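Trainee: Quick one, what's the 3D model for this:
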Amino acid sequence: MSDLRTAAQQALEALEIGYDSASAEAAQYHAAMAGYRPHRHAQMDADVQKIAQAITALRAALEQPEQEPVAWLYPEGLEALQKGKCWTAYGTKQGDDCCIPVYTYPLRREPEQEPVALFTKYGPPTMRDRDFWSTGYAAATARAVEAALKERNA
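Mentor: Coordinates of the predicted model:
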């Protein structure tokens, strides 16, 4: 188990103790102060809920399989990469000196957007159409594309 995974497990255990304590304290406060200081009741409930959400998130993270390194670097290789220089990463650990693991992570994907379609009543223009170039249609199309993109991204 990695150090980060061990720390997450310890944090989860501590949060579970804190959740039990916060829940008990909130229950006692609600019983003792019923009808008084409603904002404090709401704050205590929100705190308990926040702890519960953190516990759920940590459990979900810990359920994920531990990732294996995809490559290994020597320390001087890491320094070179941080400076923007090329360096070789090895698929297997090359020895005790080659000790820096390299991991992949999922790419963040932007939500797909509908493509902007610009058609005339005769269909889309083609680059081979003589009229496309001679009538200024290319410049008009470029302006229309720019306007459509600005409108969509506004």
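Trainee: Report all helices and strands that the longest helix seen in the chain contacts.
Mentor: As assigned by DSSP state H, the longest helix anywhere in the chain is helix 3-32. Packed against helix 3-32, as judged by 3 or more CB pairs under 8 Å, 6 or more residues apart in numbering; DSSP states H and E, are the following elements: helix 38-63. Quick note: C-beta positions are derived from backbone N, CA and C, even for glycine.
Trainee: Could you tell me which residues within the helix it packs on count as buried?
Mentor: Judged by neighbour count using 16 or more other CB atoms under 10 Å, the buried positions of helix 38-63 are 41, 44, 47, 48, 51, 55, 58.
Trainee: which ones are touching the nearest residue to the fourth one once chain neighbours are set aside?
Mentor: Meaning residue 48. Nearest residue to residue 48 in three dimensions, chain neighbours excluded: residue 22, at 4.9 Å (CB to CB, 6 or more residues apart in numbering). Residues in contact with residue 22 (CB atoms under 8 Å, 6 or more residues apart in numbering) are 44, 47, 48, 51.
Trainee: any idea how far residue 22 lies from residue 9?
Mentor: Distance of residue 22 to residue 9, computed by CB to CB, to the nearest Å: 20 Å.
Trainee: and if you look at residue 94?
Mentor: For residue 94 relative to residue 9 (CB to CB), the value is 31 Å.
Trainee: Alright, that wraps it up for me.
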